[in-house]
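Colleague: got a predicted model here, sequence first, then my questions.
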Amino acid sequence: MISFPKPAVEQFFSSYNINNFTVSPDGKRVLFSTNLDGKVNIWAMDEPDTYPYLFGKKDEAVSFIKFDPKNRYVLTGYDNDGDENFQIYALSPKGGLPEPLITGKRDEKFFFSKTSRDGDKIYYGTSKGNENYLNTAVYDLENGESRLLHEGEDAPTYLVDISADETNSAYLQVLSNTYMLGFIKTSAGIDYITPDEGVAHTVSGMTFVKDDEVWFATNYGSEYTYLAKYNLTDKVFSKVMDFGKESVEGLQFDRHHNMLYIHTEQGVSDRLYYYDLNHDMSDEIKAPFDVIRQLSVTKDGTLYALGGSATEPFNIWKYNKEKWSALTKNHVPGVTSRDMVEPESIFYESFDGLEIEALLFRAKEENRNGYTIFWPHGGPQAAERKFYRAMFQMLLNRGYNIFCPNFRGSTGYGATFVTYVEQDWGEGPRLDNIEAIKWLFDNGISSPDTLFLVGGSYGGYMALLLHGRHPEYFKAVVDIFGVSNLFTFYNSVPDHWKPIMKRWIGDPEEDKERFEKDSPITYLDTMSRPMLVIQGARDPRVVKEESDQIVEKLRDAGRDVEYLVLDDEGHGFSKKANEIKVYETMLRFLESHQ
Ligand SMILES: CC(=O)N[C@@H](C)C(=O)N[C@@H](C)C(=O)N[C@@H](C)C(=O)O
């Protein structure tokens, strides 16, 4: 008999990412963006033959894909090497090379919103002429001209939906991640769709189910986001239904059958429901994945989902006759879900009694190397959830346990919990992480001699801050595009984040002392552990200067700091060769500090 070795880490380099997808109006073709050929491109599958083929090539990140309702074109959005200045391109329905359609200067952004029902008009948002608050315009395919529809004021403003008769439009005003207002613009003026714009709450997923009625998700007056509606004719806001401690995260409307698909989140996983508007009834749709990234529904009522779990990469699934089938077969070659590690959900009490959920991935006994990686997630108003991370499964395969606390500020635990990180980036959340570390020590899972600290973005910030303030707990630290200095970060974020910054982190003058206390760069003297810093040169969110400054200062002080800069990446690693370089560097770094 031939005997095959256990899965090797290299196998985990071979799965790919599926970021978004679209289905043709007749349901016969699915387009999806993926780094299947090493760089992000658009691939196609024709039903019933689902063999994927390259459809549109530009080797750049794809922000969305959308079929023309009449199948004359496909719209998509590309940036340049991760700079997030997405602009709108068109592809022939036969595929090929994308043509610029709604574009501007290299640093201008164009966000796709909607097409008209006939596909002759394209509604979009842009930073052009209003980089902080954004404008909305409509592009007419007939004459190739754009017309300004709305000028954003007071907060970044996005067009979310347009009524079928194109007279009413639904906009979202983003004052912060926890304060988002929805309004409808009509020829008569503007109607806010929740009862009091002065109270902080969120609105999302606005969808016209009739020309004068919008359904949406909101947490107005509640901890958890529920389904609500606003009627323009009688000017009434009403709650439709709530989902207990689950929050509505996404809505997908099937206007041909008057059916709404609702995706909710609770803690580390998602759920799916339908709401039948004809009969006012709703039920859960059981799904074979834990986390939903996107939903789509075709004219005939078929539902598609991009779903995954901790041990299954994201795949496109189709729901037909109450059965799910996977259209893509994205998996790690030679590695089944059983060879991977499913996380346990654990709960611990923090310093002030707050209950925190964490995901604990325990390396399989035969692989275990005795070391644990402590992973504070990014966002920070996001959460570590049950979705596949090649990096995690690869580290688990090498024998590391991984521990991921959803510290205060994380999403999925109610509205108040998310606000706890606002204007408090470095105290409460840091102490939640410290309690998590003590939990690991108390439960015999780790010790200061066996604990590594790794985090990206806000997680990188937290890794740097924990390193500076509590070096005694860690063996070595990996910071992936982390914020090192709140003062410089405040001024270097994308222009349309600037109106949000005060609510998010505070004010550099009014909160000078706190900014100093919570900036990792304040604690250079105690950052004594070996460090690896990884940064994308084009990152527009946490710019390279954040990593440059801390690396330079630590090196000047004679510390052991390795610095990996990826010239053609932004806030994440989209290109396969870069991803492999990052994983290999990280593995080598961790192994060399065991
Ligand atoms: C609505 C909006 O744009 N909010 C941003 C301020 C925001 O919360 N961005 C995060 C998703 C983000 O990119 N945070 C960085 C710092 C990260 O941790 O990844």
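Modeller: Sure thing, it's come through.
Colleague: for the residue nearest to the spatial centre of the chain, give me the pLDDT.
Modeller: Central residue of the chain (CA atoms, centre = their mean): residue 382, 7.8 Å from the mean position. Residue 382 is assigned 98 on the pLDDT scale.
Colleague: residues contacting the nearest residue to it once chain neighbours are set aside?
Modeller: The spatial neighbour of residue 382 that comes closest, neighbours along the chain excluded (CB to CB, 6 or more residues apart in numbering), is residue 411 at 5.8 Å. Just so you know, the C-beta spots here come from the backbone N, C-alpha and C atoms, and that holds for glycine as well. Shown in contact with residue 411 (CB atoms under 8 Å, 6 or more residues apart in numbering): 247, 265, 379, 381-383, 418.
Colleague: if we use 7 Å, what do you get?
Modeller: The contact partners of residue 411, by CB atoms under 7 Å, 6 or more residues apart in numbering, come to 381-383, 418.
Colleague: try residue 567
Modeller: Residue 567 touches residue 537, counting by CB under 7 Å, 6+ apart.
Colleague: also the one 3 residues further on?
Modeller: Applying CB under 7 Å, 6+ apart to residue 570 gives the contacts 81-84, 536, 538-540.
Colleague: got the contact list for stretch 205-212?
Modeller: 160-161, 163-165, 167-168, 170, 172, 182, 214-217, 231-233, 250-251, 253, 277.
Colleague: tell me how far it lies from the chain's centre.
Modeller: 25 Å (CA atoms, centre = their mean, to the nearest Å).
Colleague: got the buried residues for that stretch?
Modeller: Under the neighbour-count criterion of 16 or more other CB atoms under 10 Å, stretch 205-212 has 205-210, 212 buried.
Colleague: now stretch 14-29
Modeller: 15-25, 27, 29.
Colleague: just stretch 499-511 next, same as before
Modeller: Buried, per 16+ other CB under 10 Å, within stretch 499-511: 499-506, 508, 511.
Colleague: can you check stretch 271-289 too?
Modeller: Per 16+ other CB under 10 Å, stretch 271-289 contains these buried residues: 271-275, 277, 282, 285, 287, 289.
Colleague: could you dump those residues to TSV with distance to residue 127 and pLDDT?
Modeller: TSV is the format used below for the buried residues of stretch 271-289 (distance: CB to CB, whole Å; pLDDT from 0 to 100):
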residue	distance to residue 127	pLDDT
271	35	98
272	34	98
273	36	98
274	37	98
275	35	98
277	36	98
282	39	97
285	38	98
287	36	98
289	35	98
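Colleague: now, those that are in helices?
Modeller: Under the assignment DSSP state H, the buried residues of stretch 271-289 contribute nothing to helices.
Colleague: what are the buried residues along stretch 461-477?
Modeller: In terms of neighbour count (16+ other CB under 10 Å), stretch 461-477 has its buried residues at 461-471, 473-477.
Colleague: is the ligand within reach of that stretch?
Modeller: No - Stretch 461-477 does not reach the ligand (CB under 6 Å from any ligand atom); its nearest approach is 7.4 Å.
Colleague: now, the most widely separated pair of the buried residues of stretch 461-477?
Modeller: 461 and 475 (20.0 Å; CB to CB).
Colleague: quick one: the helices in the stretch 351-500 of the chain?
Modeller: Taking DSSP state H, counting those that start in this stretch to define them, one finds helices in the stretch 351-500 of the chain at 390-397, 415-419, 428-442, 458-469, 486-492.
Colleague: can you pull the contacts of residue 455?
Modeller: 375-376, 462-463, 479-480, 482.
Colleague: rerun that using 10 Å as the cut-off
Modeller: Counting by CB atoms under 10 Å, 6 or more residues apart in numbering, residue 455 touches 373-378, 404, 433, 461-467, 477-482.
Colleague: for residue 29, same thing?
Modeller: Shown in contact with residue 29 (CB under 10 Å, 6+ apart): 22-23, 44-47, 55, 67, 71, 74, 93.
Colleague: same check on residue 54?
Modeller: Residues in contact with residue 54 (CB under 10 Å, 6+ apart) are 36-37, 41-44, 95-96.
Colleague: secondary structure class for it?
Modeller: Judged by DSSP: H, G, I helix; E, B strand; the rest coil, the three-state class of residue 54 is strand.
Colleague: looking at the helices of the stretch 351-500 of the chain, which is buried most?
Modeller: Burial of those is given as mean neighbour count (mean count of other CB atoms under 10 Å); helix 458-469 ranks first at a mean of 26.
Colleague: now do that helix against helix 428-442, angle only.
Modeller: 70 degrees (axes from the mean of the first three to the mean of the last three CA atoms, to 10 degrees).
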